[in-house]
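# For reference, the sequence and a predicted model appear below.
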Amino acid sequence: MKTGLIILLVLALGALVANYAMQDNGYVLINFLGYQAEMSVPVLAFLLILAYTGVRLLVHIWRAPRRLGEAAARRRVRKAGERITQGYIEIGQGNFARGEKLLTKGARNSETPLLNYLAAARAAQAQGDTERRDNWLNMASEQEPRALATVLLTRAELQLEDGEADAALRTLQQVLDAAPRNPEALRLQAEILLQRQDWAALEKSLPVLRKLGKLPAATLDEWTVQTWSALLREAGGDRVRGKSLWKSVPRSLRNAPQLIAARATALAAGGDESQAESVLRSALNNQWHDDLVRAYGALETAPAERLKRVEKWLRERPEDALLLLVAARLCLATELWGKARSYYESSVAMAPAPQSWHELGQLLLQLGEQEQAFKAFQQGLTQGQAGPGLPRLTGSPGDGARLGDRAD
């Protein structure tokens, strides 16, 4: 603007100089509505330049308020951006109160107010103020109604982090009512159902999640195996229910050890111990897994026959601590006390575990070796408390000599 005024001033001075310096500076006559005006060409040029300058000045004055407003707005946006950046820095450094204040102070002048309010909600929760958290989330949805699903998902995440599982499920249901196939809402819902062990509800959600293809296949497989394993265990002695559930298990996952073990447990609970043993034996011959070994040891039928099978496996896996423990328990069931002691001692030598020590201590106590029994109990106590459901031997310590006589 300053350069333009200088140019105009130079032109005007040039016109005046030309008016007096030139011998024939031209003649102009203007006749308009009976009015006449006579002047030289340089004077006309000067007047035109003056008129142009006046018009430009008026336009500039007219636009000045708007330009001032725009400049002020840009200044506000710049300052808001600086506050927002500093707010994120403060939150990143753990200064949640200051970060929240900076983010919300510049939110209305920010180009991304939604992000400001969402970040402020997280900062409020970090300070333990869920009421203020919900206020910021409400303001976020009011500021950007199109992002309602995003705000609700954020609310559900924060509720879940704060241990409000029921509230999180209700929030997620609002999202699913509007968009039944929202992958993030379904994922969060599945995580909550998994935590709450609501297997029946999870069974319905997992196929939808698998079709959407938004979650890693490994995660979905893990959740599916957990769900069907739990459902099979819950079937208990209901043989019809157990068979129906197994038919519904995805074929691609039927070889999962956890599922096979759960199926065998369901078969055994339904009275079909022989089929359960056959299923587990076949699975162990194809793939070795601790879940299958535990399930095999938990069967109650034909302990002598199972002991023969376990001892055959032990020839191939002599250092398998869990298999040694199963062999020891089967020896107890068949009253082979000496063998049981040997297997127990080998098992704790390979992998000391409180439960194994406790069972060995019980056996030694029954054999009358109280000092050795107390040492075993002490070893178990130093490693933790023994688990529930431990096998109990009948008789009294005084029967130790008799039991010792039965040792193979």
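Cool, got the structure. Residues are numbered from 1 along each chain as shown.
# Give the residue spans of this protein that score low on pLDDT.
When residues are selected by pLDDT under 70, those of the chain lie in 1-30, 34, 38-44, 46, 63-64, 66-88, 91, 106-110, 384-408.
# Which parts of it are strands?
28-32, 35-39 (DSSP state E).
# count of residues packed around residue 36?
As a burial measure, residue 36 scores 8 neighbours (other Cβ atoms under 10 Å). No exception for glycine: its C-beta is placed from N, CA and C like everyone else's.
# How about residue 244?
11.
# again, but for residue 132
17.
# Contacts only, for the nearest residue to it once chain neighbours are set aside.
Distances taken as Cβ to Cβ, 6 or more residues apart in numbering put residue 124 closest to residue 132, at 4.2 Å, once the chain neighbours are dropped. By Cβ atoms under 8 Å, 6 or more residues apart in numbering, the residues touching residue 124 are 96, 100, 130, 132-133, 136.
# among the residues you listed, which ones are buried?
The neighbour-count test (16 or more other Cβ atoms under 10 Å) marks 96, 100, 130, 132-133, 136 as buried among the contacts of residue 124.
# Just the closest of these to residue 195, please.
Closest to residue 195 out of these is residue 130 (19.6 Å), distances taken as Cβ to Cβ.
# Would you enumerate the residues in contact with that closest one?
Contacts of residue 130 (Cβ under 8 Å, 6+ apart): 124, 162.
# same question, residue 209
183, 186-187, 190, 215, 220.
# one more time with 6 Å, if that's ok
Contact analysis of residue 209 by Cβ atoms under 6 Å, 6 or more residues apart in numbering lists 186, 215.
# Kindly report the same for residue 265.
Contacts of residue 265 by Cβ under 6 Å, 6+ apart are residue 233.
# Look up how far residue 241 lies from residue 262.
13 Å (Cβ to Cβ, to the nearest Å).
# scratch that, residue 377 is what I was asking about
Counting by Cβ to Cβ - residue 377 and residue 241 are separated by 42 Å.
# cool, and residue 276?
In this view, residue 276 and residue 241 are 16 Å apart by Cβ to Cβ.
# can you check residue 336 too?
38 Å.
# Settle it for me: which of these two has more neighbours?
residue 336 (21 against 16).
# backbone phi and psi for the more buried one, please?
Main-chain torsions, residue 336, degrees, to the nearest 10: phi -100, psi 80.
# do residue 256 as well
phi -70, psi 130.
# and the most centrally placed residue in the chain, what does it touch?
When Cα atoms, centre = their mean is applied to the chain, the residue found nearest the centroid is residue 188 (7.4 Å). Residues near residue 188 by Cβ under 6 Å, 6+ apart: 156, 172.
# where do the helices sit along the stretch 1-150 of the chain?
2-21, 41-92, 96-105, 113-126, 130-143, 148-161 (DSSP state H, counting those that start in this stretch).
# For the closest residue to residue 181 other than its chain neighbours, grab the count of nearby residues.
Excluding the flanking residues, the one nearest residue 181 by Cβ to Cβ, 6+ apart is residue 212, at 6.4 Å. Neighbourhood size, residue 212 [other Cβ under 10 Å]: 13.
# Residue 212 is in contact with residue 183, isn't it?
Yes: with contact defined as Cβ atoms under 6 Å, residue 212 reaches residue 183; the gap is 4.9 Å.
# list the residues that contact both of the two?
If you check residue 212 and residue 183 against Cβ under 6 Å, 6+ apart, no residue is contacted by both.
# what sits against the closest residue in space to residue 229 that isn't next to it in sequence?
Residue nearest to residue 229 in three dimensions, not counting chain neighbours: residue 262, with 3.9 Å by Cβ to Cβ, 6+ apart. Residues near residue 262 by Cβ under 6 Å, 6+ apart: 229, 232-233.
# how close does residue 262 get to residue 230?
From residue 262 to residue 230 the distance is 8 Å (Cβ to Cβ).
# picking that back up, so which of the contacts of residue 262 wins on neighbours?
Busiest of the contacts of residue 262 [other Cβ under 10 Å] is residue 232, holding 26 neighbours.
# I'd say that one and residue 245 touch.
Yes: contact status for residue 232 versus residue 245: in contact at 5.5 Å, counting by Cβ under 6 Å.
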